[in-house]
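Novice: Here is the input, now give the coordinates:
(2 chains)
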Amino acid sequence: GAVVSQHPSRVICKSGTSVKIECRSLDFQATTMFWYRQFPKQSLMLMATSNEGSKATYEQGVEKDKFLINHASLTLSTLTVTSAHPEDSSFYICSATGQGGTDTQYFGPGTRLTVL
Amino acid sequence: GEDVEQSLFLSVREGDSSVINCTYTDSSSTYLYWYKQEPGAGLQLLTYIFSNMDMKQDQRLTVLLNKKDKHLSLRIADTQTGDSAIYFCAESNSGGSNYKLTFGKGTLLTVNP
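Specialist: Just a heads-up that it's a prediction; the model follows:
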């Protein structure tokens, strides 16, 4: 149980385009989903927290207009990187809580974004 | 704010025990976690411990928590080459509504045959 998937696993796009990344909880209802960014050989940086049906809460320094988060259902959250630039290239990982009523976060496999 | 510290590297021989250490500053931490990350992959939850526990054992994994010193350790018995990965310590404080995790920078475990 507690499986989280992400799609796509890898994406390459041109500068100026927008990219959508999906995060799904496959076998449980996720009350809260989190989006992280990870730079090479570094820890995870929390970007935002989203609860189903409400606006995401962004961490300080994260542009909400640049990283659009939608949590439309209890099993799906999406992160859209708008007008992507090379500095947005990174590994994006989502996580979800809600399994068993604990606050344990279960992570997706990550999405590698490369902006040319 | 909260801070979680880990040593960055650990190298052991196959079959030996590995001990990865972590310290944290948030005295109101509720849960403490160990995650494993293999290259190019997401984080795999290995184990977690509630803050009122001292020890938790799960097969080859033993977690020790010293709440007074705010020190957490993960011991891997009979370490195998497949255990080579980055191990992240993380703490959460369920006093808030969203259970944010604060991660350490990760310890790269290298297992030599």
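Novice: How about residues contacting the helix or strand hosting residue A:12?
Specialist: According to DSSP states H and E, residue A:12 maps onto strand A:10-13. The contact list for strand A:10-13 (Cβ atoms under 8 Å, 6 or more residues apart in numbering or on different chains) reads A:19, A:21, A:84, A:111-116. Glycine gets a C-beta too; all of them are placed from N, C-alpha and C.
Novice: cool, and stretch A:107-116?
Specialist: A:4-15, A:19, A:21, A:23, A:38, A:81, A:84-96, B:35, B:40-45.
Novice: Quick one: buried ones out of these?
Specialist: A:4, A:6, A:11, A:13, A:19, A:21, A:23, A:38, A:81, A:84, A:88-96, B:35, B:41-43, B:45 (16 or more other Cβ atoms under 10 Å in any protein chain shown).
Novice: picking up where we left off before, in strands only, show me the contacts of stretch A:107-116.
Specialist: Of those, the ones assigned to strands by DSSP state E are A:4-7, A:10-13, A:19, A:21, A:23, A:38, A:81, A:90-96, B:35, B:43-45.
Novice: number of nearby residues for residue B:92?
Specialist: Neighbour count for residue B:92, taken as other Cβ atoms under 10 Å in any protein chain shown: 25.
Novice: typo on my end, it should be residue A:77
Specialist: Using other Cβ under 10 Å, the number of residues around residue A:77 comes to 29.
Novice: ok, back up a step: out of the contacts of strand A:10-13, give me the two with the largest separation.
Specialist: Pairwise distances across the contacts of strand A:10-13 (Cβ to Cβ) peak at 17.3 Å, for the pair A:21 and A:116.
Novice: where does chain A dip in pLDDT?
Specialist: Across chain A, the ranges flagged by pLDDT under 70 are A:1, A:99-102.
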